[in-house]
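[1] Predicted model, plus sequence, below.
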Amino acid sequence: MWFRRDLRLSDHTAFAAACKTGRPVIPVVIRDDSINDLGAAPKWRWGLGAAHVAQSLEAKGSRLICRSGDALTVLQALIKDTGAGAVYWSRLYDPQAVVRDTQIKARLKEADIDARSYGGHLMFEPWTTETKTGGFYKVYTPFWRAVKDRDVDVPLPTPGKVPTPETWPGSEDIMDWDLGRDMRRGAEIVRPFVRLGEDAARDRLGYFTDELIAGYDAGRDLPAADRTSNLSENLALGEISPHQCWHAGFAALQEGKAGAETFLKELVWREFAYHLMHHTPHILADNWKPDWDAFPWNTDEDTEEVTAWKQGRTGIQFVDASLREMYVTGRMHNRGRMIVASYLTKHLLTDWRIGQKWFEDCLIDWDPASNAMGWQWSAGSGPDATPYFRVFNPVTQLDKFDKNRAYVSRWIAEGRSNPHEDALDYFDAIPRAWGLSPSDTYPAPIVAADEGRKRALSAYENRDF
């Protein structure tokens, strides 16, 4: 049983099927290039999740085998060592994983190994939803209408027993992999904000649907208020399934809780991102709308403006507070993500791929499909995107969603006599090479809100979109 981004034992179709065979089940994780190439934060967080699954398996009398190397080579070696006749796994949908898994399945079947892939990372397989004319959906609202009444599989229970082999194959120690190496001192700062494992994820879901979902419509836009589900971290690593989230949200909808449908729509927004990644995989690296290929983005990530953006020192409070939240917690409020992305791509006229890459390195809830679609949505180059001429004003947005500046006060220390502890932790999380201190003077805006809007509209004016 090859675990990847499905780090749970409950509602796990592949794991349940493996246990149901009655044959010995050997759970495995493989540190191949798909793990080695992850950014600092998601790699560290995946390692924490894998180690937690190992503990969950041990509690059931099983264990997790950890191996490094090319995935096919590792699996072939394990098959030879154990005499296994089958390999099961949960599907992934990014282009690299699809190519790898297709090749592995073919090679294993050539050797008479029963290689099976199962769903579970999504509610609806991307190829099962089509428009009336047979194509894929390019706009979210029709996609939502097409799937909102479909049956979603009822979550499976955790297998009561995990059949074990008489002799276990050798395993590397996951701690020796040092997957948090690139986090450096930031790991110590972010770790208290991590909610690790499926029990914590289910607790999050339960609290959200019991206490917060009724006010989700308005509450989700207030960055100073903890009124979202915060489940992106766990969904990204499969510590909870979208099926579990859907059925909890649907139960809340039936109970008449006002924000439940909006929550369900957000789950389907995630599905939409995967639908697009499956049908148009170029969304991960290229402008989804090719008309944007000629747009004169700044592509230099070492400019003074981009460096200030990365450091959370733009002088625009909403942008800076949001980036600092990411460095301390590993996540960023969704309203903040829109403001941060809009400011980089519109006020600074910088290529969205620079922001996409930065998030890929810094977010513990990094997800390839959602990250790409979110950045292209903000830039205007993507499917169902915000209109390119809509330029968020980060100052008026702050007035609207953080009137009392509670969010800003929590995350920005400069100029305050008694800064919030989280604002100070930012300086302990960031690279020492940045040379920043809470005693620094808070900067003037590198590009003011009104100036950036004019600059963006001027750049768009003569483009043929």
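    It's in.

[2] Name all residues that make contact with Glu166.
    Pro24 (CB atoms under 8 Å, 6 or more residues apart in numbering). Yep, even glycine has a C-beta here, placed from its N, CA and C like the rest.

[3] And it, how far from Gly83?
    The spacing between Glu166 and Gly83, counted by CB to CB, to the nearest Å, is 11 Å.

[4] Quick check, His278 in contact with Trp127.
    Yes. Applying CB atoms under 8 Å, one finds His278 in contact with Trp127, separated by 6.7 Å.

[5] Looking at those two, which is more packed in?
    His278 (20 against 10; other CB atoms under 10 Å).

[6] quick one: the helix or strand hosting that one to chain centroid distance?
    According to DSSP states H and E, His278 maps onto helix 260-279. Centroid separation for helix 260-279 versus its chain: 13 Å, with CA atoms, centre = their mean, to the nearest Å.

[7] Repeat that for stretch 269-281.
    On the basis of CA atoms, centre = their mean, stretch 269-281 is displaced by 14 Å from the centre of the chain it belongs to.

[8] Of all the residues in that stretch, which ones are buried?
    Trp269, Arg270, Glu271, Phe272, Ala273, Tyr274, His275, Leu276, Met277, His278, His279, Pro281 (16 or more other CB atoms under 10 Å).

[9] Tell me where the stretch 51-200 of the chain has helices.
    Taking DSSP state H, counting those that start in this stretch, the helices of the stretch 51-200 of the chain run over residues 71-82, 95-110, 140-147, 186-190, 197-207.

[10] Report the mean per-residue pLDDT for the second one.
    To tie it back to what came earlier, the one meant is helix 95-110. On average, the pLDDT along helix 95-110 is 98.

[11] Remind me what it packs against, helices and strands.
    Counting by 3 or more CB pairs under 8 Å, 6 or more residues apart in numbering; DSSP states H and E, the packing neighbours recorded for helix 95-110 are helix 33-36, helix 71-82, strand 86-90, strand 114-118.

[12] of all the ones you listed, which lies closest to Phe392?
    helix 33-36 (34.1 Å; CB to CB).

[13] ok, back up a step: may I see the buried residues of stretch 269-281 arranged in CSV, with pLDDT as well?
    Below are these laid out as CSV (pLDDT from 0 to 100):
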residue, pLDDT
Trp269, 97
Arg270, 98
Glu271, 98
Phe272, 98
Ala273, 98
Tyr274, 98
His275, 97
Leu276, 97
Met277, 98
His278, 98
His279, 97
Pro281, 98
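
[14] now, among those, which is nearest to Glu261?
    Distances from Glu261 to these, taken by CB to CB, are shortest for Trp269, at 12.6 Å.

[15] Could I get the contacting residues of the closest one?
    Tyr140.

[16] Report pLDDT for the closest residue to Glu233 other than its chain neighbours.
    Nearest residue to Glu233, sequence neighbours excluded (CB to CB, 6 or more residues apart in numbering): Asp365, at 4.3 Å. For Asp365, the model assigns a pLDDT of 98.

[17] For Pro383, see how far away Asp365 is.
    For Asp365 relative to Pro383 (CB to CB), the value is 21 Å.

[18] And Trp375, by the same measure?
    Computed as CB to CB, the Trp375 to Pro383 distance reads 12 Å.

[19] So between the two, which is more surrounded?
    Using other CB under 10 Å, the more surrounded residue of Trp375 and Pro383 is Trp375, with 27 against 21.

[20] isn't the more buried one right next to Ile354, touching?
    No. Counting by CB under 8 Å, Trp375 stays clear of Ile354, with 9.4 Å between them.

[21] Go ahead and confirm Thr129 touches Gly135.
    No. Here Thr129 does not reach Gly135: they are 10.6 Å apart, not a contact under CB under 8 Å.

[22] Show me which of the two is the more surrounded one.
    More crowded of Thr129 and Gly135, by other CB under 10 Å: Thr129, with 18 against 9.

[23] Now do the phi/psi pair for the residue in the chain sticking out farthest from the centre.
    Within the chain, the residue lying farthest from the chain centre (CA atoms, centre = their mean) is Glu166, at 38.1 Å. Backbone torsions for Glu166, taken as degrees, to the nearest 10, come to phi -70, psi -40.

[24] ditto for the one 3 residues further on
    Backbone geometry at Pro169, expressed as degrees, to the nearest 10, gives phi -70, psi 160.

[25] and if you look at the one 3 residues further on?
    Backbone torsions for Glu172, taken as degrees, to the nearest 10, come to phi -80, psi 160.

[26] which residues touch it?
    By CB under 8 Å, 6+ apart, the residues touching Glu172 are Cys66, Arg67, Ser68.

[27] Name the nearest of those relative to Pro159.
    When these are compared for distance to Pro159 (CB to CB), Cys66 wins out at 21.0 Å.

[28] Specify the beta-bridge partners of the closest one.
    Using DSSP bridges, the bridge partners assigned to Cys66 are Val29.

[29] burial of it, as a residue count?
    21.

[30] Equivalent analysis for the one 5 residues further on, please.
    Summarising burial for Ala71: neighbours were counted as other CB under 10 Å, giving 23.

[31] What sits closest to it if chain neighbours are left out?
    Distances taken as CB to CB, 6+ apart put Asp32 closest to Ala71, at 4.6 Å, once the chain neighbours are dropped.

[32] Kindly report the same for Ala258.
    Ala214 (5.3 Å).

[33] Might one say that the one you found is in contact with Lys257?
    Yes. Using CB under 8 Å, Ala214 is in contact with Lys257, at 4.3 Å.

[34] Show me how the protein divides into domains.
    The record's domain split for the chain, according to automatic domain parsing, is 1-119, 122-154+198-279, 290-460.

[35] got those as TSV, with distance to Met183 columns?
    Below are these laid out as TSV (distance: least, CB to CB, whole Å):
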stretch	distance to Met183
domain 1-119	5
domain 122-154+198-279	15
domain 290-460	9
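
[36] To Gly160, which of those lies closest?
    Of all these, it is domain 1-119 that lies closest to Gly160, at 8.5 Å by CB to CB.

[37] could the contacts of Glu172 go into a markdown table alongside distance to Glu239?
    Output for the contacts of Glu172, formatted as a markdown table (distance: CB to CB, whole Å):
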| residue | distance to Glu239 |
| --- | --- |
| Cys66 | 18 |
| Arg67 | 22 |
| Ser68 | 23 |
